[in-house]
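**Q** Sharing a model prediction with you, sequence too.
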Amino acid sequence: MHQSIATIDSPEFINLRPLDINPLMSECEIKVLYVGANRNRSFISKEVATKIGETLRGAPIVGYYKESKEDFADHGEKLIIDDEGIHFECQTVPYGFVSPDAKVWFQDFEDHDNMGNSVVHTYLMTTGYLWTSQFPESSLPVNEGRPQSMELFDASVDGQWEYNYDKEMDYFIINDAIVSKLCILGDSVEPCFEGASVTKPEISKKFTLDDKFKNTLYSMMQDLKNVLNGGKKQMENETTLTFTEQEASVVEESSIEEAPIVDETSVSSDFAKKDDEKEKETSDEKPADDKEEDGTKDEAKEDEGEEEKDDEDDKKKFTLLSQELEELKTSYSALQTQYQELLSFKTEIENQKKDALISEFYMLADEDKADVIANKEKYTLDEIKAKLSVICFDKKINFSAASEELAVNKEEKTESILTYSFAPETGSLPDWVRMVKEEMK
């Protein structure tokens, strides 16, 4: 059998850009699931959704396409009864995948039903690729959009059933799970998470901190480190380093500060010291004869000239890289400021919603709600509602009685407002009213 043995010391990498991918694929955007209770009577907290999101990269995107309908169907499970018994056969085929460097994030959406009701859901989202040229039907989600339903790996699902007193039904609380695949559904199939879908990229294209900025910053920091260490870049043998999406999702300010910033004066003095040492070493050498001495001097001058030229090039490169790094730090600082402002605004809106929800539980004493109020920023709206509902249940609060009591209190308050009526025919008008009437005449 033919054998091929590597004879080179190190591989020669091709410098690929982030968008150098197979042109026969199309990028897509996926709304995977939303946080909280859903229509299949399961509950996923944001913490658990984050853990599920860590298993999305590399997951296949599958579907069951029916030629007769010219559209996708459901999960494509086929019931088979044969001599081996009753079993299911999966009819879905892979149409793409979630890339290993895919973005994964949370985004709020307002979902509407046919009755005109609306609710805001926090969706877990990611990006993927579909083989649209290989499978023309897979272009339907990119061109028109299609519902999506995730599938969890059965052996990985951990959870327990709990009774929800607010909705008066049991819910399966998922504590951990691994995504096995994301399934494209047909337009006529209703997904568990009503807004879950596979569409063309929309939100992911609007991210402000782009890959070009992050890769440029990282590359410049490496170049600066090379110059400071006195190393020389070998462009022909250099291995190109790139960021993965997870490593470069946020360029931490501390990573910029870790790059040593050396004063140019000290660098220049170091170069000067090196030159003095070289001259001293040259003067200490004693040649054997005049010819050898002349030859040594000529070689020393040539070497010294090359070294001075290299030193000058290094200093120029160091100055240029320092200036560019300062510009990038300024741009990054501005982005951080904008991010903090948006984060503060978002937190303020969320706190207002949480305060309004807490105030709805007027039947609870302040000490009962103290923990929720003190830690409201740590809890989601669903978690706050669940905690306060449990407290109401433990205290055996009758919600209908509490509502009637509130209505009675409002009625008594309305009746307690004093009203005044004057009877001019009895001559019992107050003096100040009589004076106003005379003034009007």
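**A** The structure has been received and is ready for your questions. Residues are numbered from 1 along each chain as shown.

**Q** pLDDT on the longest helix anywhere in the chain, on average?
**A** In the chain, assigned by DSSP state H, the helix with the most residues is helix 290-359. Helix 290-359 shows a mean pLDDT of 78.

**Q** List the buried residues of the helix or strand following it.
**A** Where DSSP states H and E defines the elements, the next helix or strand beyond helix 290-359 is helix 370-374. By 16 or more other CB atoms under 10 Å, the buried positions in helix 370-374 come out as Val372. For every residue, glycine as well, the C-beta is placed using N, CA and C.

**Q** packing partners for helix 370-374?
**A** helix 381-394 (3 or more CB pairs under 8 Å, 6 or more residues apart in numbering; DSSP states H and E).

**Q** Go through the helix it packs on and flag the buried ones.
**A** For helix 381-394, by 16+ other CB under 10 Å, it's 381-389, 391-392.

**Q** List of residues touching it?
**A** Outside helix 381-394, the residues within contact range by CB atoms under 8 Å, 6 or more residues apart in numbering are 35-37, 45, 164-166, 350, 353-354, 357-358, 361, 363-364, 368-369, 371-372, 376, 379, 399.

**Q** What subset of these is buried?
**A** Of these, these count as buried by 16+ other CB under 10 Å: 35-37, 45, 164, 354, 357-358, 361, 363-364, 368-369, 372, 376, 379.

**Q** of those, closest to Tyr95?
**A** Among the buried ones among the contacts of helix 381-394, Val35 lies closest to Tyr95 (CB to CB), at 26.9 Å.

**Q** Now for that closest one: which residues touch it?
**A** Contacts of Val35 (CB under 8 Å, 6+ apart): 44-46, 49, 106, 121-124, 380, 382.

**Q** Going by neighbour count, which of those residues comes out on top?
**A** Highest neighbour count within the contacts of Val35, by other CB atoms under 10 Å: Leu124, with 25 neighbours.

**Q** What helix or strand is it located in?
**A** Secondary structure (DSSP H and E) places Leu124 in strand 118-130.

**Q** for the record, mean pLDDT for that strand?
**A** Mean predicted confidence for strand 118-130 is 95.

**Q** Now do that strand: which elements does it pack against?
**A** Partner elements for strand 118-130 (3+ CB pairs under 8 Å, 6+ apart): strand 26-34, helix 46-53, strand 93-97, strand 104-112, helix 139-143.

**Q** Kindly export the second one (C-alpha atoms) in PDB.
**A** Listed in PDB are the C-alpha atoms of helix 46-53, where the atom choice follows Å, rounded to 0.1, in the frame of the first residue of the first chain:
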ATOM      1  CA  LYS A  46     -31.700  31.500  31.700                       C
ATOM      2  CA  GLU A  47     -28.900  29.800  33.600                       C
ATOM      3  CA  VAL A  48     -29.800  26.400  32.100                       C
ATOM      4  CA  ALA A  49     -30.300  28.000  28.700                       C
ATOM      5  CA  THR A  50     -26.800  29.300  28.900                       C
ATOM      6  CA  LYS A  51     -25.500  25.800  29.500                       C
ATOM      7  CA  ILE A  52     -27.500  24.400  26.600                       C
ATOM      8  CA  GLY A  53     -26.100  27.200  24.400                       C
END
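
**Q** Only the buried residues of it, if you could.
**A** Across helix 46-53, burial judged by 16+ other CB under 10 Å covers 46, 48-49, 52-53.

**Q** just the last one next, same as before
**A** Along helix 139-143, the positions that meet the burial threshold by neighbour count (16+ other CB under 10 Å) are 139-142.

**Q** go on, the fourth one?
**A** Buried residues in strand 104-112, counted by 16+ other CB under 10 Å: 104, 109.

**Q** Take the buried residues of helix 46-53 and lay them out in TSV including pLDDT and distance to Leu321.
**A** What follows is these, written out as TSV (pLDDT from 0 to 100; distance: CB to CB, whole Å):
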residue	pLDDT	distance to Leu321
Lys46	95	41
Val48	96	45
Ala49	96	42
Ile52	96	42
Gly53	96	37
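
**Q** Pipe the buried residues of helix 139-143 into TSV and attach distance to Ser99 and pLDDT per row.
**A** Below are the buried residues of helix 139-143 laid out as TSV (distance: CB to CB, whole Å; pLDDT from 0 to 100):
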residue	distance to Ser99	pLDDT
Ser139	18	95
Leu140	20	96
Pro141	16	96
Val142	15	95
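
**Q** quick one: which of those residues is nearest to Ser26?
**A** So of the buried residues of helix 139-143, ranked by how close each gets to Ser26 (CB to CB), first place is Val142, at 4.9 Å.
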